[in-house]
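> no letters, just coordinates:
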């Protein structure tokens, strides 16, 4: 069992740590409000976010929330491709429409992370997207990717077994791992293998025979392309007896899921991965066992497990705080929140995510993103520095900047009080508290003060933005 954090250890830094890891960071005002509310109240607010306001009835729903008859769409594409030269304009229009839908979907989700009322729900949605990794490059349909994203959100901190059942019937996952091709005479093993290796048990916890027998149990899973809903085709199912993980019976796909979740390795696998996502890359064995025990005790209900994690002294340990490399999504969203600025234009944000290595709805493979140190390379670090400069300075009055990337500089009035501009030491302490929730080391402080001295007595917005950029181009700022 994890140890509860003492009330005397709950302070501004620990409140900031909780908001950073259980969400996407907070402004000094938000952090101070969390500190004043207390650890328990803040955790409960994260686990029980306010209801989102309903969209106006006259507001048109995004196109990617509307199911389409996939057969008709693909039939039209096939017809146009038969005479590609003559139909090139229509083909380009259809392809561009799909690209625009996907871009819109990405920005919608990032917008929820940036300003939505449920940061932990969005953070868990991001966790499940990386865990049950599925890419639009194979799925192709934006609507299915949105539906999967909404499913992750709905079950974000619900019951893992229920979520697993939903994933097994999710059209995007069924297409991505070829479950829709599996039938009695030719069971496809892709879903059966990744289900155990990457989603529930881990390597070494099953045999090749278990993969084959599991694949037999999931035969008959199909998608109705007209309604875009899961359907079960009984005539394609293998109804014979199967032996799986030491048990024998006429198992269905749901039976297989029950047998998997009953394995001790499942709680350990999921518990370790949750701790790695929220706390540290290499969790000590006692912590893994504590989280594993919490999952078993709560029968895979995730909300009480998250509550125990976020309230624990282990989660707030010095080795954990400000020791996690920000993922590209965390970097972008947290930076926009700290600067109290909007997300950049859609095309710029998408390019930034691509260059930094984390494109929503397009993970590199079924393993998802490796995370940790893989986020940082010479190229991605340089892009982070340049992106921070773009957020701070925008395109200004550059007449050559394309319309799609134009952006005004960040408004500094809410970030830097006017009276601090002429007080270098107080100014640095103020900005460090906002950007890193801790003070820079002696060497960094000397560098920042030296910069201000070279600019004295200039305390213009341009000088302040350059100082901010200098502070955001440190290794310390890449951590959260």
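Arrived safely. Predicted model, so just to flag it, every value in this text is computed and none were measured.
> where do the helices sit along the stretch 251-400 of the chain?
For the stretch 251-400 of the chain, applying DSSP state H, counting those that start in this stretch gives helices covering 253-261, 264-278, 285-297, 302-310, 328-338, 346-356, 378-393.
> right, and the helix or strand after the lowest-mean-pLDDT helix or strand in the chain?
Lowest on mean pLDDT, DSSP states H and E among the helices and strands of the chain sits helix 70-82, with a mean of 81. Sequence-wise, the next helix or strand downstream of helix 70-82 (DSSP states H and E) is helix 88-115.
> next secondary structure after that following helix?
helix 119-131.
> could I get the helices of the stretch 251-400 of the chain as TSV with mean neighbour count and distance to residue 461?
C-betas here are computed from N, CA, C, even on glycine. Listed next are the helices of the stretch 251-400 of the chain as TSV, based on neighbours: other Cβ atoms under 10 Å; distance: least, Cβ to Cβ, whole Å:
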stretch	mean neighbour count	distance to residue 461
helix 253-261	20	56
helix 264-278	20	37
helix 285-297	18	46
helix 302-310	21	38
helix 328-338	23	17
helix 346-356	18	21
helix 378-393	17	10
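> residue 21: which of those is closest?
Checking the helices of the stretch 251-400 of the chain against residue 21 by Cβ to Cβ gives helix 264-278 as the closest, at 5.2 Å.
> on that earlier part again, the helices of the stretch 251-400 of the chain: which one's closest to residue 242?
Taking the helices of the stretch 251-400 of the chain one by one with Cβ to Cβ, helix 253-261 is closest: 8.4 Å.
> for the nearest residue to residue 218 once chain neighbours are set aside, give me its contacts.
Take residue 218 and drop its neighbours on the chain: the residue closest to it by Cβ to Cβ, 6 or more residues apart in numbering is residue 253, 4.4 Å away. Contact analysis of residue 253 by Cβ atoms under 8 Å, 6 or more residues apart in numbering lists 168, 217, 218, 221.
> which strands and helices sit next to the least confident helix or strand of the chain?
Using 3 or more Cβ pairs under 8 Å, 6 or more residues apart in numbering; DSSP states H and E, the elements in contact with helix 70-82 are helix 88-115.
> elements contacting the helix it packs on?
So helix 88-115, by 3+ Cβ pairs under 8 Å, 6+ apart, packs with helix 70-82, helix 119-131, helix 142-154, helix 328-338, helix 346-356.
> ok, back up a step: what's the closest of the contacts of residue 253 to residue 400?
For those, the closest approach to residue 400 (Cβ to Cβ) belongs to residue 168, at 51.6 Å.
> do you know how far that closest one is from residue 415?
47 Å (Cβ to Cβ, to the nearest Å).
> who touches the least confident helix or strand of the chain?
Counting by Cβ under 8 Å, 6+ apart, 87, 90, 91, 94, 141, 225, 226, 228 sit against helix 70-82.
> before we move on, back to that, could the helices of the stretch 251-400 of the chain go into TSV alongside mean pLDDT?
Below are the helices of the stretch 251-400 of the chain laid out as TSV (pLDDT from 0 to 100):
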stretch	mean pLDDT
helix 253-261	98
helix 264-278	98
helix 285-297	98
helix 302-310	98
helix 328-338	98
helix 346-356	96
helix 378-393	96
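> and the ones you listed as TSV, adding distance to residue 72?
What follows is those, written out as TSV (distance: least, Cβ to Cβ, whole Å):
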stretch	distance to residue 72
helix 253-261	29
helix 264-278	40
helix 285-297	44
helix 302-310	39
helix 328-338	34
helix 346-356	28
helix 378-393	41
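> before we move on, the earlier item: next, format the helices and strands packed on helix 88-115 as TSV and append distance to residue 24.
Formatted as TSV, these follow (distance: least, Cβ to Cβ, whole Å):
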stretch	distance to residue 24
helix 70-82	34
helix 119-131	6
helix 142-154	15
helix 328-338	4
helix 346-356	14
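> what's the closest of these to residue 432?
Counting by Cβ to Cβ, residue 432 lies closest to helix 328-338 out of these; the figure is 11.6 Å.
> now that closest one, how far from the chain's geometric center?
Its chain's C-alpha centre and that of helix 328-338 lie 12 Å apart, by Cα atoms, centre = their mean, to the nearest Å.
> now stretch 112-131
Relative to the centre of its chain, stretch 112-131 is centred 6 Å away, using Cα atoms, centre = their mean.
> which residues does residue 352 contact?
328, 332, 344, 383, 387.
> where in this protein is pLDDT low?
Across the chain, nothing is flagged by pLDDT under 70.
> if we can go back for a sec, of all the helices of the stretch 251-400 of the chain, which one comes closest to residue 424?
Nearest to residue 424, of all those, is helix 378-393, at 19.1 Å by Cβ to Cβ.
> ok, residues contacting the closest one?
So helix 378-393 is in contact with 328, 331-332, 335-336, 339, 341, 344, 348, 352, 355-357, 407, 409-410, 465, 468-469, 472-473, 478, going by Cβ under 8 Å, 6+ apart.
> between helix 328-338 and it, find me the angle.
Compare the direction of helix 378-393 with that of helix 328-338 by axes from the mean of the first three to the mean of the last three Cα atoms, to 10 degrees and you get 20 degrees.
> in the helix or strand just after helix 378-393, what counts as buried?
The helix or strand immediately downstream of helix 378-393 is helix 424-435, counting by DSSP H and E. Within helix 424-435, the residues scored as buried using 16 or more other Cβ atoms under 10 Å are 424, 427, 428, 430, 431, 432, 433, 434, 435.
> so what secondary structure elements neighbour helix 424-435?
Helix 424-435 packs on helix 442-455, helix 461-472, going by 3+ Cβ pairs under 8 Å, 6+ apart.
> distance from the chain centre to the longest one, please.
How far helix 442-455 lies from its chain's middle: 36 Å, per Cα atoms, centre = their mean.
> which strands or helices does that helix pack on?
Judged by 3+ Cβ pairs under 8 Å, 6+ apart, helix 442-455 is in contact with helix 424-435, helix 461-472.
> got those helices as TSV, with distance to residue 60 columns?
Compiled in TSV, the helices and strands packed on helix 442-455 are given as follows (distance: least, Cβ to Cβ, whole Å):
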stretch	distance to residue 60
helix 424-435	38
helix 461-472	38
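> so for residue 311, which of these sits nearest?
Comparing the helices and strands packed on helix 442-455 by Cβ to Cβ, helix 424-435 comes nearest, at 24.2 Å.
> which residues make contact with that closest one from outside it?
27-28, 338, 415-417, 420-421, 438-440, 445, 448-449, 452-453, 467-468, 471-472, 477.
> just stretch 196-214 next, same as before
With Cβ under 8 Å, 6+ apart, stretch 196-214 has contacts from 131-133, 164, 167, 187, 189, 192-193, 195, 242-245, 251, 256, 260-261, 263, 265-266, 269-270, 366-367.
> residue 231 belongs to a strand?
Yes - applying DSSP: H, G, I helix; E, B strand; the rest coil, one finds residue 231 inside a strand.
> pretty sure it sits against residue 220.
No - assessed by Cβ atoms under 8 Å, residue 231 is found out of contact with residue 220, at 9.3 Å.
> these two - which one has more neighbours?
residue 220 (20 against 12; other Cβ atoms under 10 Å).
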